[in-house]
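Engineer: could you look at this predicted model? Sequence included:
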Amino acid sequence: MPLQQTLRHLQAGFVAFWDKRSRYPRFKFKRKSRASAEYTRSAFRWRYGRLTLAKMNSPLNIVWSRPLPEGAEPSTVTVSRDVAGRWFVSILVEDPAVKPLPPVAVEGGWTRASPVCSPCRVRCLG
């Protein structure tokens with residue numbers, strides 16, 4: 001499952017590039033980046049506060065830095081290893097206690113931004 005998720009991220013990066021919404025995707029280097037694997041909902045099991053990843057028989061022995069919100073269900077788990085060899089687990093949950101922010105109105109109509117010139121510093125040519 002982590003390999004499939006990596007291919008999905010790569011495809012999304014190339015789609016954004018070909019749609020001219022971003023630059024060409026950069027690839028990670030083995031020795032310069034943090035080793036990580038992302039597990040989607042179908043690749044892990046969350047029962048009684050214990051996390052079991054795909055292809056594992058027993059749950060992980062995790063030292064929690066803080067508890068998960070009450071009633072929250074994980075949607076994505078990322079397992080990563082830093083350069084010192086320590087393993088970290090990041091769990092993405094939707095907290096039911098957090099209320100969404102109200103929508104913000106954005107006024108449109110500008111086609112380009114123009115710099116503000118100060119006559120004493122810069123002479124504007126435009």
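Structural biologist: In hand now; what should we look at? Residues are numbered from 1 along each chain as shown.

Engineer: tell me which element Ser90 is part of?
Structural biologist: Assessed by DSSP states H and E, Ser90 sits inside strand 87-93.

Engineer: so which bits of that strand are buried?
Structural biologist: Neighbour-count burial for strand 87-93 flags 89, 91 (criterion: 16 or more other CB atoms under 10 Å). All C-beta atoms are positioned from the backbone trio N, CA, C, and that covers glycine.

Engineer: packing partners of that strand?
Structural biologist: strand 74-81 (3 or more CB pairs under 8 Å, 6 or more residues apart in numbering; DSSP states H and E).

Engineer: now the angle between strand 87-93 and the strand it packs on, please.
Structural biologist: With axes from the mean of the first three to the mean of the last three CA atoms, to 10 degrees applied, the angle from strand 74-81 to strand 87-93 works out at 160 degrees.

Engineer: list the helices and strands strand 74-81 packs on?
Structural biologist: strand 35-40, strand 44-47, strand 50-53, strand 87-93.

Engineer: strand partners of the longest one, parallel vs antiparallel please.
Structural biologist: Using DSSP bridges, strand 87-93 pairs in its sheet with strand 74-81 (antiparallel).

Engineer: quick one: contacts of the partner strand?
Structural biologist: 34-41, 43-44, 46, 51, 53, 68, 87-94 (CB atoms under 8 Å, 6 or more residues apart in numbering).
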